[in-house]
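need coordinates for the below:
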Amino acid sequence: MTDKTMSISNQVKYLKTLNGVTWILAGISDIFSGAIPSTLTSIFLIISLALQLKVSLSKKESDDEMSLGNKIKAGAMTQSIMHIIFCAAAVVLFALTRFPNLHIDWKNLIVPVFFIFIGIEYIIWGLSFKKLEEE
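Numbering: from 1, shown residues only. Sure thing, here's the model as predicted:
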């Protein structure tokens, strides 16, 4: 542990934005089968864990009224955007099921898509917070 205090913006950068990137990369690598993609998925998830531990074990700047408000707004913005994404995904899935000759191994896509959606949510939250902090 270090004596340096981690700013709120750095906490969000590590916990949300960079963590989101690692989740998306884990999801993309998990789409493929084999030893190398599986190893990459594990590495990305370990990086995600390391980012979370970095913030958890660091001395952190306390939230002020503005940062708390921005966190609430960022969460609300993220929820709205994720609703749009899930609705669009539902439309695409509905359309794909209408093609009887299209053979997609849905079972093997559930975990990667889950990872990717987690990553998208984290990135949207992190970028929304950053935008609000800059205003």
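
neighbours around Leu132, how many?
Leu132 has 17 neighbouring residues, counting by other CB atoms under 10 Å. C-beta: built from backbone N, CA, C; applies to glycine.

can I assume it is in contact with Lys73?
Yes: between Leu132 and Lys73 there is a contact at 5.6 Å, judged by CB atoms under 8 Å.

low-confidence ranges in this protein?
The chain contains residues with pLDDT under 70 at 1-3.

now do the contacts for the spatially most central residue of it.
Closest to where the C-alpha atoms of the chain average out (CA atoms, centre = their mean) is Gly119, at 2.1 Å. Contact analysis of Gly119 by CB atoms under 8 Å, 6 or more residues apart in numbering lists 19-27.

same thing but at 7 Å, please
20-21, 23-24, 27 (CB atoms under 7 Å, 6 or more residues apart in numbering).

hang on, Phe99 in a helix?
No: secondary structure of Phe99 (DSSP: H, G, I helix; E, B strand; the rest coil): coil, not part of a helix.

could you report the distance from it to Leu109?
Remark: distance between Phe99 and Leu109 (CB to CB, to the nearest Å) = 16 Å.

how many neighbours does Lys131 have?
13.

ok, Pro100 next?
When counting by other CB under 10 Å, one arrives at 6 neighbours for Pro100.

the residue nearest to the centre of the chain: which element?
helix 106-134 (DSSP states H and E).

from the chain's centroid, how far away is that helix?
3 Å (CA atoms, centre = their mean, to the nearest Å).

let's number from 58 now, not from 1
That works, and once the first residue is 58, the last one we named lands at helix 163-191.
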